[in-house]
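[1] Provided below for reference: sequence and predicted model.
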Amino acid sequence: MGSGPAILSLKDVRYAWPGRASFALDIPDFTLAASESVLLLGESGSGKSTLLSLICGTITADAGTVTVAGTDIASMSAGQRDQFRAEHIGLIFQQFNLLPYARVLDNVLLPLRFAPLRRARAGVPLETASLLCSSLGLPADAIAAHAGMLSVGQQQRVAAARALIGAPPLIVADEPTSALDAATQATFLDLLFAQVRTSGGTLLMVSHDARLAPHFDRVVYMSDIIRTRQGAL
Ligand code: ADP
Ligand code: MG
């Protein structure tokens, strides 16, 4: 369960996509405690991916503060935000975003290239990457392959290993199980949770799939944290 200081805190955050008057996010207060796992549920189009982009700093809030591991990322330059994200946030994307022609281990090692502190936490990077992959259930022949050769379920495990390497304090996952069947989903989540616990990280996953709820410490609904002003100017 969550305890200790907040690892993520959004206060009075507002965001509208440029030129898209029909959608706006308005989040008065959303906080994650250190080491908790939270599932954020919402319909397609409710703004889950937009919210994760605000948390990762790939887009910046029009108003309010986004504090990650004690630092307000809204006040950073774009370059500082990229650096901060690389060091502090492990990302698992809906479409995995692996480099198909690169080896599995090179995919896993990629985030360390831009994050010296995270690299230092990763021990001997190649050994750590290999251990993470096998802990996530990847067989040796898959670990030795190019990422594009793997099954969808295996690629998802590579994406998880890439997010976990170097133990970033916040792991963010955008519908990472939507491409998996139910049995593969449950196995993947069990393995992911075991590794998140080992690293001591905080996990925020967004999904439209309420069946994932029993795996998490806490479930939050988009409708409970946002005021969405459909049709606002
Ligand atoms: P979800 O992840 O919950 O499905 P999104 O955050 O992707 O929701 O989308 C919320 C709203 O923002 C939608 O109306 C969508 O069309 C819009 N939106 C998402 N990404 C962009 C973008 N890059 N540019 C403009 N509008 C976007
Ligand atoms: Mg989305």
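    Right, received. Where do you want to start? Ligands and ions are numbered 1, 2, ... in the order given.
[2] Three-state assignment for L25, please.
    Here L25 is strand, with the state taken from DSSP: H, G, I helix; E, B strand; the rest coil.
[3] center of the chain, which residue is that?
    In the chain, the centroid-proximal residue (CA atoms, centre = their mean) is V172; its distance is 1.4 Å.
[4] what does whichever strand or helix holds it contact?
    Element membership for V172, per DSSP states H and E: strand 170-174. Strand 170-174 is contacted by residues 7-8, 32, 48-49, 52, 55-56, 68-69, 88-94, 163-164, 192, 196, 201-206 when judged by CB atoms under 8 Å, 6 or more residues apart in numbering. To be clear about C-beta, it is placed using only N, CA and C from the backbone, and glycine gets the same treatment.
[5] the chain: helices as residue ranges?
    All helices of the chain, identified by DSSP state H, fall at 48-56, 78-88, 104-109, 116-121, 125-135, 140-143, 152-164, 182-199, 222-225.
[6] mind listing what Q83 touches?
    Contacts for Q83 (CB under 8 Å, 6+ apart) come out as 114-115.
[7] right, I mislabeled it, should have said R81
    Contact analysis of R81 by CB under 8 Å, 6+ apart lists 57-58, 60, 73.
[8] pLDDT below threshold where in the protein?
    1-4, 228-233 (pLDDT under 70).
[9] can we see that at 90?
    1-5, 20-23, 74-75, 94-96, 114, 177-186, 226-233 (pLDDT under 90).
[10] just give the closest residue to I143, not the sequence neighbours.
    Leaving aside its sequence neighbours, I143 sits nearest to C133 (CB to CB, 6 or more residues apart in numbering; 4.7 Å).
[11] ok, I171 next?
    Nearest to I171 is G90, by CB to CB, 6+ apart, at 4.4 Å.
[12] re earlier: wait, the residue nearest to I143 touches L109, no?
    No - judged on CB atoms under 8 Å, C133 makes no contact with L109 at a distance of 10.9 Å.
[13] okay, these two: which has more neighbours?
    C133 (26 against 21; other CB atoms under 10 Å).
[14] and that one, how far from ligand 1?
    Counting by CB to the nearest ligand atom, to the nearest Å, the separation of C133 from ligand 1 is 28 Å.
[15] could you list every residue that touches that residue?
    By CB under 8 Å, 6+ apart, the contact list for C133 reads 104-105, 108, 142-143, 157-158, 161.
[16] and stretch 188-203, which residues are buried?
    In terms of neighbour count (16 or more other CB atoms under 10 Å), stretch 188-203 has its buried residues at 188-189, 191-192, 195-196, 199, 201-203.
[17] quick check, nearest of those residues to V124?
    Nearest to V124 out of the buried residues of stretch 188-203 is S199 (CB to CB; 16.3 Å).
[18] and the gap between the closest one and R227?
    34 Å (CB to CB, to the nearest Å).
[19] please apply the same query to G201.
    Remark: distance between G201 and R227 (CB to CB) = 29 Å.
[20] repeat that for T31.
    Distance, T31 to R227, by CB to CB: 17 Å.
[21] spell out which residues of the chain are next to ligand 1.
    Proximity of the chain to ligand 1, by CB under 6 Å from any ligand atom, involves residues 17, 20, 23, 42, 44-50.
[22] skip the chain neighbours and tell me the closest residue to the residue in the chain positioned nearest to ligand 2.
    Closest contact between the chain and ligand 2, by CB to the ion, is at S49 (3.2 Å). Counting by CB to CB, 6+ apart, D174 is the residue found nearest to S49 once chain neighbours are left out, at 5.7 Å.
[23] kindly report the same for S46.
    Using CB to CB, 6+ apart, the closest residue to S46 is M222 (4.5 Å).
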